[in-house]
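> sequence plus the predicted model coming up.
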Amino acid sequence: MGQLSMSRWGVMKQFSDPTVVMCDYDTPRCPSMWEINRVFHILDIRPEWIRFDRTRHGWHMIIQLRKPLEKCALVALQAILGSDPRRETLNLMRALSVRMSAFAARRWNVLFEYKLT
């Protein structure tokens, strides 16, 4: 799990990692484990663990995978699992970027502990 780190936008909870699926849900109810398990079963992916964190506006779901995924596959999986569409659109834009610095590569797909307002 990543360490908390301050940025100009807020405190980061989780940095980009090819073995970590990060979803953001702006809903009062936690996502359905039945639906999540169904997606993983269809894709023949066996996660090591799944964690849900309550946020001010909904939920974060963090999933540790056994094997790494390519950036676009991570974005697709996050979108299929119902993560915020705007977040995943921006993640896809960054994942498709050919020129990505080491700094950007660590931060293309992140979750914030909280954002500065």
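Here it is on my side, so go on.

> point to the residue nearest the middle of this structure.
residue 22 (1.7 Å; Cα atoms, centre = their mean).

> and that one, what is it in contact with?
Residues near residue 22 by Cβ atoms under 8 Å, 6 or more residues apart in numbering: 14, 60-63, 78, 83, 109-111. Any C-beta I mention is one placed from the backbone N, CA and C, and that applies to glycine too.

> do that again at 10 Å, thanks
Applying Cβ atoms under 10 Å, 6 or more residues apart in numbering, we find residue 22 in contact with 2, 13-16, 60-63, 74, 78, 81, 83, 87, 91, 109-111.

> just the buried members of these?
Buried members of these, counted by 16 or more other Cβ atoms under 10 Å: 2, 13-16, 60-63, 74, 78, 81, 83, 87, 91, 109-111.

> picking that back up, inside strands: which ones of the contacts of residue 22?
13-14, 60-63, 111 (DSSP state E).

> please report how far the closest residue to residue 61 other than its chain neighbours lies from residue 63.
Distance criterion Cβ to Cβ, 6 or more residues apart in numbering; nearest residue to residue 61, sequence neighbours excluded, is residue 23 at 4.3 Å. The gap separating residue 23 from residue 63 is 8 Å, by Cβ to Cβ, to the nearest Å.
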